[in-house]
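A.B. asks: Following is a predicted model, sequence given first.
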Amino acid sequence: MSKKQAENLEANRNEDAMRLLVSEMKQKWDRVSLGGGAKKHEQLKEKNKLSARDRINLLLDPGKPFLEIAAFAGEGMYAEHGGCPSGGVVVVVGYIQKRLCVVVANDATVKAGAWFPITGKKNLRAQEIAMENRLPIIYLVDSAGVYLPLQDEIFPDKEHFGRIFRNNAVMSSQGIPQIAAIMGSCVAGGAYLPIMSDEALIVEGTGSIFLAGPYLVKAAIGEDIDTETLGGALTTTEISGICDYSMPDDPSCLAKIRELIGKMGKFDRAGFNRAAPLPPKGEPKSLYGLIPEGLAKPYDMGLVIRQLLDDSEFDEYKASYGKTLLCGYGRIDGWAVGIVANQRSIVRNKKGETQIGGVIYSESADKAARFIMNCNQKRIPLLFLQDVTGFMVGSRSEHGGIIKDGAKMVNAMANSTVPKFTVIIGNSFGAGNYAMCGKAYDPRLIVSWPTAKMAVMGGAQAAKTLMQIEMASAKGKGGIASAEEQEALLQKITKRYEHTTEPYYAAARLWVDAIIDPLETRKWVSMGIEAADHQPLQRNFSTGVIQT
């Protein structure tokens, strides 16, 4: 077999493996998109109500792309409570009357739209996206309020339920438009959300809003009153005046929101550079064949980058220095971007020494820090492509100042004023996650491919460390396991740890905004930069104290 044939065979294997992962992802999405199941959807129809996703589809411009945020929120969580698919709320960034907006829609098929802890976290993420990018936000409210069995995990803390109303007030003061539609229940503390928005609509017959429902009113003060009289459409628009528009049904309510959005004025822009978009060269799905199955082998990240960029043009920065990080300029859907990416190939440094791919060395960190500073100087958004196992360790690296150079990179990245976007392609381990703009460093959007893994260290190393702790504990108690028992324990620890590194585990907890098909990477980055362009940069770039 020739070298070319072997390469084609390898690419075909990689493509098959990636297609399988993408197919599994889509099957999982099909399941979570049903929310509480087909029976619950039928019950909505009987009440003349649309589902959360049907409402969003009517609200958005037809045929235009959109981004669904945290579709896998809550995945595998709350099993003892019946689960919480998509966190019980659907969040998208999409176009309404040609304007990018954030839409938040409670899914009433999931525990009547009740708020689980992950629901609160997902709503806060939606508001964060709106605030960071100065995007109008629309709330489609249909919720029974806090899920009482878990109230202690969502009610009192800083990042809990109350933070949402604080954000309502802050966005209002910042001039970020908020529109709320009461399309079902809206009770207790949740009633503040629509009324703290700029405008509120209510659907006749299905929408209701009050601090205490009829049962609680009866229990508290002995008054008998029905839902409509207490807080239905007629009461809230003609008596209390807390709602601005009464609409006969869901479709007319959504049409009214589109009408309101269509009359909004324009805001100042950040002014990021955009040229006429061009597709990458070659067959788009060739991207699938570039990532080795199971990340078991080195690969050239440069090829991946070129398959993401317009016309596959990559203007590399300091190409012969710090080779385990690739830095350079390109365009995605016309938008200028600065790319920082881990190189997984085994390369040689300037001294001719072999360097392991996916590891950040001193010279790589030094190069990246300067490149990040340049992108801030020129107001070019940053895109981080992660496949990193961490910083190089050992006496040579420590004596060479790896901590100092790593700190320099983290400082420049953390203080960046240009918007940052992160795509986790493969490994995202330890301090490498931090330096490459993990969730803690405020990327405007952070997504992963199905091949991603996130953890403080790799599974094999972690399992052996945990095994040593277990064995030390057993020895302290006077018992030492046999070789067979040790091997069984190691396998058990490895399996448990590996589960926590999977992308769905991360997506369930909102460590990433989405797991995406690699072919959708360009769309996510392009729409992300377009959203970021709505918010002018707030300050000039400046780092803190940096050791040289």
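C.D. replies: Received, thanks.
A.B. asks: List the contacts of residue 290.
C.D. replies: The neighbours of residue 290, taking Cβ atoms under 8 Å, 6 or more residues apart in numbering as the test, are 11, 14, 299, 300, 303, 304, 307. Placement of C-beta: from N, CA and C, glycine included.
A.B. asks: Mind doing that once more with 6 Å?
C.D. replies: Listed by Cβ atoms under 6 Å, 6 or more residues apart in numbering, the contact set of residue 290 reads 303, 304.
A.B. asks: and the gap between it and residue 449?
C.D. replies: Separation of residue 290 from residue 449 (Cβ to Cβ, to the nearest Å): 11 Å.
A.B. asks: shaky segments in the stretch 1-150 of the chain?
C.D. replies: Counting by pLDDT under 70, the stretch 1-150 of the chain shows low-confidence ranges at 1.
A.B. asks: just the helices in it please.
C.D. replies: Using DSSP state H, counting those that start in this stretch, the helices assigned to the stretch 1-150 of the chain run over residues 3-32, 38-46, 52-59, 117-133.
A.B. asks: So which elements touch the shortest one?
C.D. replies: In this case it means helix 52-59. Helix 52-59 sits against strand 89-96, strand 99-106, with contacts defined as 3 or more Cβ pairs under 6 Å, 6 or more residues apart in numbering; DSSP states H and E.
A.B. asks: how about a cut-off of 10 Å?
C.D. replies: Judged by 3 or more Cβ pairs under 10 Å, 6 or more residues apart in numbering; DSSP states H and E, helix 52-59 is in contact with helix 38-46, strand 89-96, strand 99-106, strand 137-143, strand 178-187, helix 250-262.
A.B. asks: I'd like those as JSON lines, with mean neighbour count and distance to residue 270 appended.
C.D. replies: As requested, these are arranged in JSON lines below (neighbours: other Cβ atoms under 10 Å; distance: least, Cβ to Cβ, whole Å):
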{"stretch": "helix 38-46", "mean neighbour count": "13", "distance to residue 270": "40"}
{"stretch": "strand 89-96", "mean neighbour count": "24", "distance to residue 270": "17"}
{"stretch": "strand 99-106", "mean neighbour count": "24", "distance to residue 270": "13"}
{"stretch": "strand 137-143", "mean neighbour count": "27", "distance to residue 270": "19"}
{"stretch": "strand 178-187", "mean neighbour count": "26", "distance to residue 270": "21"}
{"stretch": "helix 250-262", "mean neighbour count": "18", "distance to residue 270": "21"}
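A.B. asks: between the ones you listed, which gets nearest to residue 274?
C.D. replies: For the helices and strands packed on helix 52-59, proximity to residue 274 was assessed by Cβ to Cβ; strand 99-106 is nearest, at 14.3 Å.
A.B. asks: can you state the direction angle for the closest one and strand 178-187?
C.D. replies: Relative orientation of strand 99-106 and strand 178-187, computed by axes from the mean of the first three to the mean of the last three Cα atoms, to 10 degrees: 0 degrees.
A.B. asks: change the start of the numbering to 9 and stick with it
C.D. replies: Renumbered: residue one is now 9, and that last one reads strand 107-114.
A.B. asks: Just checking the distance from strand 107-114 to the centre of its chain.
C.D. replies: When C-alpha coordinates are averaged (Cα atoms, centre = their mean, to the nearest Å), strand 107-114 and its chain have centres 15 Å apart.
A.B. asks: Tell me which of the helices and strands packed on helix 60-67 approaches residue 372 most closely.
C.D. replies: With distances scored as Cβ to Cβ, the stretch of the helices and strands packed on helix 60-67 nearest to residue 372 is strand 97-104 (33.0 Å).
A.B. asks: Packing partners of the closest one?
C.D. replies: For strand 97-104, the elements it packs on are helix 60-67, strand 75-77, strand 107-114, helix 125-141, strand 145-151, helix 258-270, helix 529-540, judged by 3+ Cβ pairs under 10 Å, 6+ apart.
A.B. asks: Adjacent strands (with direction) for it?
C.D. replies: Strand partners for strand 97-104, identified by DSSP bridges, are recorded as strand 75-77 (antiparallel), strand 107-114 (antiparallel).
A.B. asks: and residue 375, helix, strand or coil?
C.D. replies: helix (DSSP: H, G, I helix; E, B strand; the rest coil).
A.B. asks: how much space between the closest residue to it other than its chain neighbours and residue 421?
C.D. replies: Beyond its immediate neighbours in the sequence, the residue positioned closest to residue 375 (Cβ to Cβ, 6 or more residues apart in numbering) is residue 330, lying 3.7 Å away. Residue 330 is 15 Å from residue 421, where distance means Cβ to Cβ.
A.B. asks: for residue 406, same thing?
C.D. replies: Between residue 406 and residue 421 the computed distance is 22 Å (Cβ to Cβ).
A.B. asks: just to revisit the earlier point, need the helices of the stretch 9-158 of the chain in CSV with distance to residue 148, can you?
C.D. replies: Formatted as CSV, the entries for these read as follows, by distance: least, Cβ to Cβ, whole Å:
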stretch, distance to residue 148
helix 11-40, 18
helix 46-54, 13
helix 60-67, 5
helix 125-141, 12
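A.B. asks: Any idea which of the ones you listed gets closest to residue 245?
C.D. replies: Ranking these by their distance to residue 245 (criterion: Cβ to Cβ) puts helix 60-67 first, at 20.4 Å.
A.B. asks: Kindly export that closest one (C-alpha atoms) in CSV.
C.D. replies: Extracted C-alpha coordinates of helix 60-67, given in CSV (Å, rounded to 0.1, in the frame of the first residue of the first chain):
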residue,chain,number,x,y,z
ALA,A,60,-41.5,26.3,23.4
ARG,A,61,-39.7,25.4,20.2
ASP,A,62,-42.8,26.1,18.0
ARG,A,63,-43.1,29.5,19.6
ILE,A,64,-39.5,30.2,18.9
ASN,A,65,-39.8,29.1,15.3
LEU,A,66,-42.8,31.5,14.7
LEU,A,67,-40.8,34.3,16.3
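A.B. asks: got the buried residues for that helix?
C.D. replies: Residues of helix 60-67 classed as buried by neighbour count (16 or more other Cβ atoms under 10 Å): 60, 61, 62, 63, 64, 66, 67.
A.B. asks: Stretch 222-237 too?
C.D. replies: Residues 222, 225 are the ones in stretch 222-237 that count as buried (16+ other Cβ under 10 Å).
A.B. asks: and what of stretch 420-436?
C.D. replies: Neighbour-count burial for stretch 420-436 flags 420-424, 426-436 (criterion: 16+ other Cβ under 10 Å).
A.B. asks: hmm, back to that, using TSV, lay out the helices and strands packed on strand 97-104 together with distance to residue 416.
C.D. replies: Listed next are the helices and strands packed on strand 97-104 as TSV, based on distance: least, Cβ to Cβ, whole Å:
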stretch	distance to residue 416
helix 60-67	44
strand 75-77	32
strand 107-114	35
helix 125-141	25
strand 145-151	37
helix 258-270	44
helix 529-540	25
